[in-house]
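Q: Need a 3D model of the following:
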Amino acid sequence: MLAFIGTLIVGLVVGLIARAVKPGDDKMGWIMTIVLGMAGSLIAGYVGRALGWYHPGQPVGWIASVIGAIVLLVLWGLFTKRRA
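A: The predicted structure is shown next:
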C-alpha cells in the first residue's frame, strides 16, 4: 500500500515534469496533466517491475515514469485533436 501511495506522489511530480518537457501547447488544465502523469507513472512502474527492468526505489523508475507520462500526453493530444 505504501508503494502505491509513493507511486501516486511521484506521479504528481512526473506529470508536472512531463508537461514542462513535452513540446507544444496542450489545451488541458493542470489537474488533467497531473492525472495523466500519475497514470503514466503507474503504467511505467508496473511494466518496468513486471519485466524486471528495475526494482522499486531505483532512479531509473523516475525516468521511466516521465517517459510514460509523456507518451500518455502525446496520446491524449492525438485523441483530442481527432475529436475536435
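Q: What ranges does the chain have for its helices?
A: Secondary structure of the chain, counting by DSSP state H: helices at 2-21, 30-50, 60-83.
Q: among those, which is the most enclosed?
A: helix 30-50 (a mean of 19; mean count of other CB atoms under 10 Å). The C-beta positions use only the backbone N, C-alpha and C, and glycine is treated the same way.
Q: Other residues contacting that one?
A: 7-8, 10-19, 26, 53-56, 60-61, 64-73, 76 (CB atoms under 8 Å, 6 or more residues apart in numbering).
Q: now do stretch 68-84
A: 11, 14-15, 17-19, 21-22, 24, 26-28, 33, 36-37, 39-41, 43-44, 47.
Q: could I get the helices of the chain as TSV with mean pLDDT?
A: Output for those, formatted as TSV (pLDDT from 0 to 100):
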stretch	mean pLDDT
helix 2-21	78
helix 30-50	81
helix 60-83	81
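Q: Around the closest residue to residue 61 other than its chain neighbours, count how many other residues there are.
A: Among residues not flanking residue 61 along the chain, residue 54 sits closest, at 5.7 Å (CB to CB, 6 or more residues apart in numbering). The tally of other residues near residue 54 (other CB atoms under 10 Å) stands at 16.
Q: do the same with the one 4 residues further on
A: Residues near residue 58, counting by other CB under 10 Å, number 13.
Q: what about it, distance to residue 64?
A: Using CB to CB, to the nearest Å, one gets 9 Å for the distance from residue 58 to residue 64.
Q: what do you get for residue 21?
A: Counting by CB to CB, the gap from residue 21 to residue 64 is 14 Å.
Q: how close does residue 24 sit to residue 78?
A: 11 Å.
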